[in-house]
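Student: sequence-free structure coming up:
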């Protein structure tokens, strides 16, 4: 009997393990960001300057969410863009702004800096 449901179970397992794509961007883990950051991918921090100076992903570019719509041209369209904030809420909004503005390969970092720090990854001040 289980054999009849094996393809469905396999599909459910694969879907649960894959990064979640939504609204034109993909949500990824801080582990995915860490790998990308070590490979030199573009990391966009959309928090406030005050939050940024308290600690950020090494090499991240600061562009606060409130300024993003007017400064979209500062974000490369020809590279993967990993977007991070404090908890994941503003980065999801920013990811949508980027995709609406024509950016592709946009990755929202689930859990934001809270998850990054909880995972023990390095920060720069």
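Tutor: Yes, it's here. Values in this document were obtained by computation on a predicted structure and should not be read as measured data.

Student: by mean pLDDT, which helix or strand of the chain comes out lowest?
Tutor: Taking mean pLDDT, DSSP states H and E as the measure, the helix or strand of the chain with the lowest value is helix 2-17, at a mean of 45.

Student: at which residues are the strands of the chain located?
Tutor: With strands called from DSSP state E, the chain shows them at 20-22, 25-28, 42-45, 61-62, 81-84, 106-109.

Student: mind listing what the shortest one pairs with, with the direction of each?
Tutor: Looking back up the chat, that one is strand 61-62. The sheet places strand 61-62 alongside strand 42-45 (parallel), with pairing taken from DSSP bridges.

Student: repeat for the fifth one
Tutor: Paired strands of strand 81-84, with direction, are strand 42-45 (parallel), strand 106-109 (parallel) (DSSP bridges).

Student: gap between stretch 111-125 and the chain center?
Tutor: 13 Å (Cα atoms, centre = their mean, to the nearest Å).

Student: got the end-to-end distance for it?
Tutor: End-to-end distance of stretch 111-125 (Cα to Cα, to the nearest Å): 20 Å.

Student: still on that earlier bit, most tightly packed of the strands paired with strand 81-84?
Tutor: The highest average neighbour count among those, using mean count of other Cβ atoms under 10 Å, belongs to strand 106-109 at a mean of 27. (Each C-beta comes from the backbone N, C-alpha and C, glycine too.)

Student: what about residue 79, distance to residue 61?
Tutor: Using Cβ to Cβ, to the nearest Å, residue 79 is found at 11 Å from residue 61.

Student: same question for residue 87.
Tutor: In terms of Cβ to Cβ, residue 87 sits 19 Å off from residue 61.

Student: contact partners for residue 123?
Tutor: Residue 123 makes contacts with 55-58, 113, 116-117, as judged by Cβ atoms under 8 Å, 6 or more residues apart in numbering.

Student: out of these, which end up buried?
Tutor: Buried members of the contacts of residue 123, counted by 16 or more other Cβ atoms under 10 Å: 56-57, 113, 116.

Student: remind me which residues of the protein are low pLDDT?
Tutor: In the predicted model of the chain, residues 1-22 satisfy pLDDT under 70.

Student: alright, that wraps it up for me.
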